[in-house]
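**Student:** pasting the sequence and the predicted coordinates here, then a few questions.
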Amino acid sequence: MSAEKFLASLERWFQPGSEPPEMGALRRAALERAHALGVPTPKMERWRQSGVANVFEHNYNLPKRDRLPMSPGRCQLDAMATTAMHFSAGKIESAQPLQRLQDGVIAGSLRAAMKEEPELVQRLLAERGLDKMGFFNAVNMALFTDGFFLHVPKNVVLARPIQVIHVLGEYRDALENLRNFVVLEEGAEATLLFCDHSSGREYGFASSVNQFQIGPGAGFKLYRVQNLSDEAACFHQDFFTQQENSRLFSHTIGFNGGLLRGETHVDLQGKGADCEFVGLSLSSRGQRMENFVKVEHQVPHCTSREVFKNIVDDYARGLFNGHVLVHPDAQKTEAYQNNSNIVLTDKAKMSSRPFLEIYADDVKCSHGSSVGQLDDEALFYMRQRGISEENARLLLLYAFAADVINQIDIEPLRRQLDDMVKKRLRGELPSCEDCVLSCSQPEFEVL
Amino acid sequence: MLLEIKDLCAGINGKEILKGVNLQINKGEVHAIMGPNGTGKSTLASIIAGRPGYDITRGDILLNGKSLLGMPPEQRAQEGIFLGFQYPVEIPGVSMASFLRAAINETRRYRGQLPLGAVAFARQMKEKEEMVEIKAKMKNRSVNEGFSGGEKKKNEIFQLAMLEPKVAILDETDSGLDIDALRIVAGGVNKCKTEENATVVITHYQRLLEYIVPNYVHILYGGRVVKTGGRELSLELEEKGYDWIKAQVEGEE
């Protein structure tokens, strides 16, 4: 397939079905937008050095209900007492797709929410103007089948983290579009864990667009664990808007995947908002892991911190593209951006493009980037004490990763991911089927 | 003989540094290697420990009759070579405890012993802390990270005590130490001495040798051991400097 064929197929894939007319119109407009934009290419600034071209080389099949990929599994992370939501083949797996939790909290399927809370959802969907949508966002809007929906009312603190598991279907050339919405009203607090997995060894492409509205004084934590097969491509685009004095902590670990691309867009709209992004990508073989982050400081007194780390082994490729934009009004901004990387072989590649764009004069901003090998002096020091070269390398790599893991404040999750990172560094965590999260095990019960 | 260096010639990037070094070290002995800057003292220590990058062009290094030259650094360490670094390396993120436990247990495995469990390891840490009077207060801290110069050197001696090597080579362990720290470090080295092991002290100055008394003093100059004597040789060097040695060697040539 080619870019032209991909565009041509959009019409065939486009089936708005029995939705309200406004929704159909929105999807149709998004489709037009995708056509108008055309497919992204590595010549575009935002896509430089990206492996995106491969995504257009496949003849996709959309998910079908009668070809369920797998029986959903129970996740072993239940030790952290999550409320779990399971999506596979682009749909929620639950007899009761939309749950009313404590204190008016609504959580579950976006599709169900569109029926039960049409005004709320319609407002959210239309909120980000079409004119701002990039290509994959527009395609997602036209084609999304379902997604996760969470609404936390004013001053409600979600008692348990919610775990949203998405498993890319086990059918050839799957194309799955999910759209997730999270709204935290003023003073609300919530923690989410997104787990992205694939169940098969076939190529598939999962694309998710995630909109997070964080109200005044609200606090949101987002953990994301990605462990897909080397054949799978997985893009996620996170759009955060933050109101005054809100707090955001986003933590992502990419364990495996043919092409993992994460895009983060943050709009700091209210004074005193604070956000922090921590990412770790562990790539080997021919995997490609890409992170694109854009933080916009619109108003004064906001802080943002980014730390992204990559370990790139074999002939894998890593990419970091970070952009902090401080608008003229955003005085007293504090923005820090750091990308550090270890490249283990001559054939592995890392591209790092940190970028600050500042139009205010009273700000504290810094950015740093490093690409290096393991420290030879440290290796020799450890070997001189009797530690084998292999173990010395593992200890150094683990040390590099550990400060990312140690920022996880849910202890069972931290232990689990710590174990996974160790296994991954030892080469013992090839992909989902061996993932210690084991969400493909049977006897799963939703909620 | 414990450690024997025979006619060792070696260099780096095509430059010859060692030009036929001979040394014989027996159990229970302390040897000092002295000499002016740039004569190959640290190179010799690095080559014994197996630091990558050097070309050995002639000669051999034998530990208990076994050649070390074909062995990677970790195997030399497991065989019983310890190098106290002139500049101990900071390793952020790797705790002292996990570092030392890995070192001890890999060495034990090499020697066919069972690994040390957490409790036994903690006990050994405590014992050695008391023995060398150096507190491993840095147990939960990253290896050498943020340590002062003196703390780093003390940490080297603590590791020496924990690892119990057959030959300890201390490369300028006295550099950058004030007199109190020097006394503690030297005291620790002395406590690690037994009838079964040997200590090689590389230094510029006589000062350290007041605390770690050598049986033999070797002067390394121009890539060779040009003079060997007893403790009095170091006193002579202290008094007269290195110029008379240089004059003597150049006179011979």
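**Tutor:** Thanks, I have it.
**Student:** from here on, contacts and neighbour counts on C-alpha atoms
**Tutor:** Will do.
**Student:** poorly predicted segments of chain B, please.
**Tutor:** Within chain B, the set of residues satisfying pLDDT under 70 comprises B:136-139, B:253.
**Student:** just how off-centre is the worst-scoring helix or strand of chain A on mean pLDDT within its chain?
**Tutor:** The weakest-scoring helix or strand in chain A, judged by mean pLDDT, DSSP states H and E, is strand A:83-88 (a mean of 78). Here strand A:83-88 is found 16 Å from its chain centre; the criterion is Cα atoms, centre = their mean, to the nearest Å.
**Student:** got the contact list for residue A:38?
**Tutor:** Applying Cα atoms under 8 Å, 6 or more residues apart in numbering or on different chains to residue A:38 gives the contacts A:7, A:135.
**Student:** how near is it to residue A:271?
**Tutor:** Distance check for residue A:38 against residue A:271: by Cα to Cα, to the nearest Å, it reads 37 Å.
**Student:** could you report the pLDDT at residue A:287?
**Tutor:** Note on residue A:287: pLDDT of 96.
**Student:** what does residue A:75 give?
**Tutor:** Per-residue pLDDT puts residue A:75 at 48.
**Student:** and residue A:144, by the same measure?
**Tutor:** 92.
**Student:** count of neighbours near it?
**Tutor:** A total of 24 residues lie near residue A:144 under the criterion other Cα atoms under 10 Å in any protein chain shown.
**Student:** same question for the one 4 residues further on.
**Tutor:** The burial metric for residue A:148, expressed as a neighbour count using other Cα under 10 Å, is 27.
**Student:** could you give the bridge partners of the closest residue in space to it that isn't next to it in sequence?
**Tutor:** Closest residue in space to residue A:148, ignoring its immediate chain neighbours: residue A:180 at 4.6 Å, by Cα to Cα, 6 or more residues apart in numbering or on different chains. On DSSP bridges, the residues paired with residue A:180 through beta bridges are residue A:210.
**Student:** and residue A:47, what does it touch?
**Tutor:** Shown in contact with residue A:47 (Cα under 8 Å, 6+ apart): A:40, A:41.
**Student:** against residue A:238, how distant is it?
**Tutor:** Distance of residue A:47 to residue A:238, computed by Cα to Cα: 16 Å.
**Student:** what sits against residue 190?
**Tutor:** Just going to use chain A. Listed by Cα under 8 Å, 6+ apart, the contact set of residue A:190 reads A:152, A:157, A:158, A:159, A:160, A:161, A:184, A:219, A:220, A:221.
**Student:** not quite, go with chain B.
**Tutor:** Neighbouring residues of residue B:190 by Cα under 8 Å, 6+ apart: residue B:212.
**Student:** and it, backbone torsions?
**Tutor:** Dihedral pair for residue B:190: phi -60, psi -40, per degrees, to the nearest 10.
**Student:** just the buried positions in stretch B:32-46, please.
**Tutor:** Going by neighbour count (16 or more other Cα atoms under 10 Å in any protein chain shown), the buried part of stretch B:32-46 is B:32-36, B:39-46.
**Student:** now stretch B:89-109
**Tutor:** Buried-residue list, stretch B:89-109, by 16+ other Cα under 10 Å: B:89-97, B:99-108.
**Student:** ok, and which of those reach chain A?
**Tutor:** Residues of these in contact with chain A (Cα under 8 Å from any Cα of the partner chain): B:89, B:90, B:91, B:92, B:93, B:94, B:99, B:102, B:103, B:104, B:106, B:107.
**Student:** out of the buried residues of stretch B:32-46, which is nearest to chain A?
**Tutor:** Chain A lies nearest to residue B:46 out of the buried residues of stretch B:32-46, by Cα to the nearest Cα, at 9.9 Å.
**Student:** leaving out sequence neighbours, find the closest residue to that closest one.
**Tutor:** Distance criterion Cα to Cα, 6+ apart; nearest residue to residue B:46, sequence neighbours excluded, is residue B:83 at 8.0 Å.
**Student:** ok so that neighbour is a strand residue?
**Tutor:** Yes - assessed by DSSP: H, G, I helix; E, B strand; the rest coil, residue B:83 belongs to a strand.
**Student:** sec struct for residue B:8, please.
**Tutor:** Assignment for residue B:8 (three-state DSSP): strand.
**Student:** so which bits of stretch A:399-408 are buried?
**Tutor:** For stretch A:399-408, the neighbour count (16+ other Cα under 10 Å) marks A:399, A:400, A:401, A:402, A:404, A:405, A:408 as buried.
**Student:** thinking again about what came up before, the least confident helix or strand of chain A packs against which elements?
**Tutor:** Helices and strands touching strand A:83-88, by 3 or more Cα pairs under 8 Å, 6 or more residues apart in numbering or on different chains; DSSP states H and E, are strand A:162-168.
**Student:** residue B:220 pairs with what?
**Tutor:** In this structure, residue B:220 bridges to residue B:225 when assessed by DSSP bridges.
**Student:** mean confidence score for stretch A:295-303?
**Tutor:** Stretch A:295-303 comes out with an average pLDDT of 97.
**Student:** end to end, how far does that stretch reach?
**Tutor:** End-to-end distance of stretch A:295-303: 10 Å, with Cα to Cα as the criterion.
**Student:** again, but for stretch A:299-306
**Tutor:** Stretch A:299-306: ends 19 Å apart by Cα to Cα.
**Student:** repeat that for stretch A:199-210.
**Tutor:** End-to-end distance for stretch A:199-210, by Cα to Cα: 22 Å.
**Student:** got a list of contacts for that stretch?
**Tutor:** Contacts of stretch A:199-210 (Cα under 8 Å, 6+ apart): A:55, A:69-70, A:136-137, A:140, A:167-182, A:228-239, A:432-433, A:440.
**Student:** stretch A:348-362 now?
**Tutor:** With contact meaning Cα under 8 Å, 6+ apart, stretch A:348-362 is reached by A:49, A:312-333, A:337-339, A:341, A:343, A:365, A:367-369, A:371.
**Student:** what residues does the stretch 301-447 of chain A have near chain B?
**Tutor:** Selection of the stretch 301-447 of chain A residues close to chain B by Cα under 8 Å from any Cα yields A:377-378, A:380-389, A:395-396, A:399-400, A:402-403.
**Student:** okay, strands next: where are they in the stretch 51-200 of chain B?
**Tutor:** With DSSP state E, counting those that start in this stretch, the ranges of strands along the stretch 51-200 of chain B come out as B:55-63, B:66-67, B:81-84, B:91-95, B:142-143, B:167-171, B:198-202.
**Student:** output stretch B:53-69 as CSV, nothing but the C-alphas.
**Tutor:** Extracted in CSV, the C-alpha atoms of stretch B:53-69 (Å, rounded to 0.1, in the frame of the first residue of the first chain):
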residue,chain,number,x,y,z
GLY,B,53,43.5,-0.5,25.6
TYR,B,54,47.1,-1.5,26.3
ASP,B,55,49.3,-3.6,24.0
ILE,B,56,51.5,-6.1,25.7
THR,B,57,54.4,-6.7,23.4
ARG,B,58,56.5,-9.0,25.6
GLY,B,59,56.7,-10.7,28.9
ASP,B,60,54.2,-12.1,31.3
ILE,B,61,52.3,-11.5,34.6
LEU,B,62,51.8,-14.6,36.8
LEU,B,63,49.6,-15.0,39.8
ASN,B,64,50.5,-18.2,41.7
GLY,B,65,52.2,-19.3,38.5
LYS,B,66,49.1,-18.7,36.3
SER,B,67,49.3,-16.1,33.6
LEU,B,68,46.9,-13.2,33.9
LEU,B,69,47.4,-11.8,30.5
